[in-house]
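In: okay, sequence plus prediction incoming.
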Amino acid sequence: MPNFKKPAPKRSGGPSSSHRATGSTPGHRGYRADEAGAPKQRWTADDRARRSNTATGSDRPPFRGRTADGGRPESTDRRPNWTPREKPAYQPRGERPAYGDRPARTERPSYGDRTERPSYNDRAARTERPSYGDRTERPSYNDRPARTERPAYGDRAPRTERPAYGDRAPRTERPAYGDRPARTERPSYGDRAPRTERPSYGDRAPRTERPAYGDRAPRTERPSYGDRTERPSYNDRPARTERPSYNDRPARTERPSYNDRPARTERPSYGDRAPRTERPSYGDRPARTERPSYNDRPARRDSDFFPSKEQKSFTPQDDVVLERLEAEAITATEVEGVTFADLGLGGNIVRQLTEMGAASPFPIQAATIPDVLAGKNVLGRGKTGSGKTIAFGAPLVERLMENNGGKNRQMGRKPRALILAPTRELALQIDRTVQPIARSVGLFTTQIYGGVPQYRQVSALQRGVDIIVGTPGRIEDLIEQGRLDLSDITITVLDEADHMCDLGFLEPVQRILKETAPDGQRLLFSATLDKGVATLVNEFLPNPSVHEVAGEDQASSTIDHRVLLIEQRDKRAIIEQLASGDGKTLVFTRTRAFAEEMSDYLEDAGIPATSLHGDLNQARRTRNLQLLTSGRVNVLVATDVAARGIHVDDITLVIQADAPEEYKTYLHRAGRTGRAGKQGTVVTLTTRNRRRKMDELLGRAEIEATVDQVAPGDALLSDLAAL
DNA sequence: AAAAAAG
């Protein structure tokens, strides 16, 4: 990295520099009337030729190398599927010339010299993506301040390492940055919403009653939880005070177009925001639901097997047990003595599985692997923790290896398998299992999910991967950007498939499946696979084979189910007592706010705890989950983001601080414990007047639970606390 | 209500 020396991008005379700081809106500094109307010609053929000479061959994006098989298939040839021409909805997306407009990337020669910032080395692709400049069909990105890539700047720790700010010419030429209400104008940092929104702590010894702060062990121990130490840094950040120059910039007043945007301070909370429609700048982009191309299709749904799914709209009363799919059942005894090799997996994969601790197949694996290898569409139902990931992961890799089409390791090859999961954590976890299996036969995987900068994912795709593991949002995003092409996907897996058919997931999943090879193989797996997946099965899985493991119901499980009838006001104290054990405890709440509150409450009570929910940024989510897996804390308070699929060794107690509304949710939450035959306890807290509802839910889940009425201090609570 | 994109 110290030797890194990128060819210095041209700063003068080049096409990019002549456009620097060029605004598209009248009134913008650098606005050019002659360019405003017509699509901008950012790169002449000459420019491009010169430019490609500057780039080193090895760092070139794969596009150039593809000319052998017909130019740039990804960004142009493939686009028809997603282009404005056929799907007008994507037009706005297609109108992004702004990348060329953005002065930053191509015009920062100084980055090359900065040896202390190694991460930029990886990003060589950025400055060398001709595709950005080439996309002349995308003219109207100018309004948009390149949202997707900004967060990265904010996340970067190295802020403090940028003393040279003042010297850097590029800074002052970045209109976008100047536009941001100066940091000092953000009062929101001081009274951060979360803090002020915690009046509900009232019951709790409130903040003002903490004179004894110093004595309290837990507080002083907090710095050890990565997050905490970072908080004070807001005040320390030197960057703030060192950027007075921003205020002087006259540019502000010359940018009327940005003034339309509601000022930062006018955004009380994301939740309250009347969405898309009130944001002029985003208005260009059709909101998800407003995409004609997607709306063109609803007719299909009318003919669906389960039209009622549409009206369901998540009322808890509708929590019904759908008909079980008729499945071929396998019994554990049938599997005895069978090896992975017997099932048809190759030597490398079998060795890798053994290395990973999977010496011989679990029943669900023995049931599904042969059919997956045979190329069938497969539905697999195996209870939580029964080894479903390997059940689809291993044969998927085997198949890809067998039919590699001679394209092994070819640069920029299109991915051939896709694994979809409902949460990022699950996608990450699946990849952790599948990746080593894939690597054992020379195949590559990459994770494609949101909440993290996309460039790493995109450059992995450009290098070429075989298997994608991800969540729907980012996958769709990259497809729309023309950076991900699913047309070669011959195997698609939906983990937690029934959940992926729930409202909010179904449509994205359908859209994604449509992008895959039409005759591709599809695998649906879930512990609670039922006819809720009929919509997808009818559309995408002709002649599926269905497998389950006989006798694998909750009654036969290793989980002790307890229901505690409590007074609402006692909830926190009771959870505190339950969570005070030495074993790993997972607490589920219905809302993010309560998850956060409860984890703070436990910490205040001297119980190291952390939280996991969608209000946290991805870095913190990953870190907090890691705190539990590593054992640095014993208690994790989470929303249902952690309900499905997440595997943490040795969770001995699951507490449902809020009873679930759906029986399936109960089963999945409970499934975080008692994994792989280990013992576990699930405690569900509810009030007396909800007991009947609880009984009904347990009935649907086919669970027999012990019900007790308890109050804080009861010995039963200490008995139930995780050992 | 949560999750999933960017936020």
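Out: Arrived safely, thanks for sending. Numbering: from 1, shown residues only, chains lettered A, B, ... in the order given.

In: and the residue of chain A closest to DNA strand B?
Out: At 1.8 Å from DNA strand B, residue A:473 is the closest residue in chain A, using C-beta to the nearest atom of the strand. In this view, the C-beta of every residue, glycine as well, is placed from N, C-alpha and C.

In: which bits of the stretch 501-650 of chain A sit near DNA strand B?
Out: A:502-505, A:508, A:590-593, A:613-615, A:639-641 (C-beta under 7 Å from any atom of the strand).

In: read off the pLDDT value for residue A:543.
Out: Note on residue A:543: pLDDT of 94.

In: mind listing what the nearest residue to it once chain neighbours are set aside touches?
Out: Among residues not flanking residue A:543 along the chain, residue A:377 sits closest, at 6.5 Å (C-beta to C-beta, 6 or more residues apart in numbering). Residues near residue A:377 by C-beta atoms under 8 Å, 6 or more residues apart in numbering: A:521-523, A:540-545.

In: equivalent analysis for residue A:424, please.
Out: The contact partners of residue A:424, by C-beta under 8 Å, 6+ apart, come to A:449-451, A:471, A:618, A:621.

In: quick one: which of the residues of the stretch 501-650 of chain A next to DNA strand B sit in helices?
Out: Filtering those for membership in helices, criterion DSSP state H, returns A:508, A:592-593.

In: any idea how far residue A:676 is from residue A:561?
Out: Distance from residue A:676 to residue A:561, counting by C-beta to C-beta, to the nearest Å: 18 Å.

In: compare these two (neighbour count), which wins?
Out: residue A:561 (22 against 12; other C-beta atoms under 10 Å).

In: A strand includes that one, no?
Out: Yes. Counting by DSSP: H, G, I helix; E, B strand; the rest coil, residue A:561 is found in a strand.

In: quick one on the thing from earlier: pull out the buried members of the residues of the stretch 501-650 of chain A next to DNA strand B.
Out: Burial by neighbour count, 16 or more other C-beta atoms under 10 Å: within those this picks out A:502, A:505, A:508, A:590, A:592-593, A:613, A:615, A:639-641.

In: looking at these, which is nearest residue A:515?
Out: Ranked by distance to residue A:515 (C-beta to C-beta), those are led by residue A:508 at 11.0 Å.

In: right, and that closest one touches residue A:470 too?
Out: No. With contact defined as C-beta atoms under 8 Å, residue A:508 does not reach residue A:470; the gap is 11.6 Å.

In: ok, and the most crowded of the contacts of residue A:377?
Out: For the contacts of residue A:377, the largest number of neighbours (other C-beta under 10 Å) sits with residue A:523, at 28 neighbours.

In: what comes into contact with the strand or helix carrying it?
Out: Element membership for residue A:523 (DSSP states H and E) is strand A:521-526. With contacts defined as C-beta under 8 Å, 6+ apart, strand A:521-526 is touched by A:368, A:372, A:375-382, A:388, A:391-392, A:396, A:399, A:490-499, A:513, A:533, A:536-537, A:540-541, A:544.

In: which residue ranges make up each domain of chain A?
Out: A:1-182+A:243-296, A:328-546, A:554-720 (automatic domain parsing).

In: worst average pLDDT in the ones you listed?
Out: Among these, domain A:1-182+A:243-296 scores lowest, at a mean of 35.

In: where do the strands sit along the stretch 301-450 of chain A?
Out: Using DSSP state E, counting those that start in this stretch, the strands assigned to the stretch 301-450 of chain A run over residues A:328-330, A:378-381, A:417-420, A:445-448.

In: equivalent analysis for the stretch 601-723 of chain A, please.
Out: Counting by DSSP E, counting those that start in this stretch, the stretch 601-723 of chain A has strands at residues A:609-612, A:635-638, A:651-656, A:680-686, A:706-709.

In: please identify the pairing partners of the second one and their relative orientation?
Out: Here the strand partners of strand A:635-638, with direction, are listed using DSSP bridges: strand A:584-588 (parallel), strand A:609-612 (parallel).

In: dump the C-alpha coordinates for that strand into CSV.
Out: Provided in CSV are the C-alpha atoms of strand A:635-638 (Å, rounded to 0.1, in the frame of the first residue of the first chain):
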residue,chain,number,x,y,z
VAL,A,635,-27.8,-10.5,27.0
LEU,A,636,-29.0,-9.3,23.7
VAL,A,637,-32.3,-7.4,23.4
ALA,A,638,-33.6,-7.6,19.9
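
In: so residue A:669 makes contact with residue A:643?
Out: Yes. Counting by C-beta under 8 Å, residue A:669 touches residue A:643, with 4.8 Å between them.

In: quick check, residue A:635 in contact with residue A:581.
Out: No. With contacts counted by C-beta under 8 Å, residue A:635 stays clear of residue A:581, the gap being 9.2 Å.

In: compare those two (neighbour count), which wins?
Out: Between residue A:635 and residue A:581, residue A:635 has the larger neighbour count (other C-beta under 10 Å), namely 29 against 20.

In: give the contact list for that one.
Out: Contacts of residue A:635 (C-beta under 8 Å, 6+ apart): A:579, A:584-587, A:599, A:602, A:607-610, A:628.

In: ditto for residue A:467
Out: The neighbours of residue A:467, taking C-beta under 8 Å, 6+ apart as the test, are A:396-397, A:400, A:415-419, A:434, A:438, A:443-446.

In: can you report phi and psi for it?
Out: phi -130, psi 130 (degrees, to the nearest 10).
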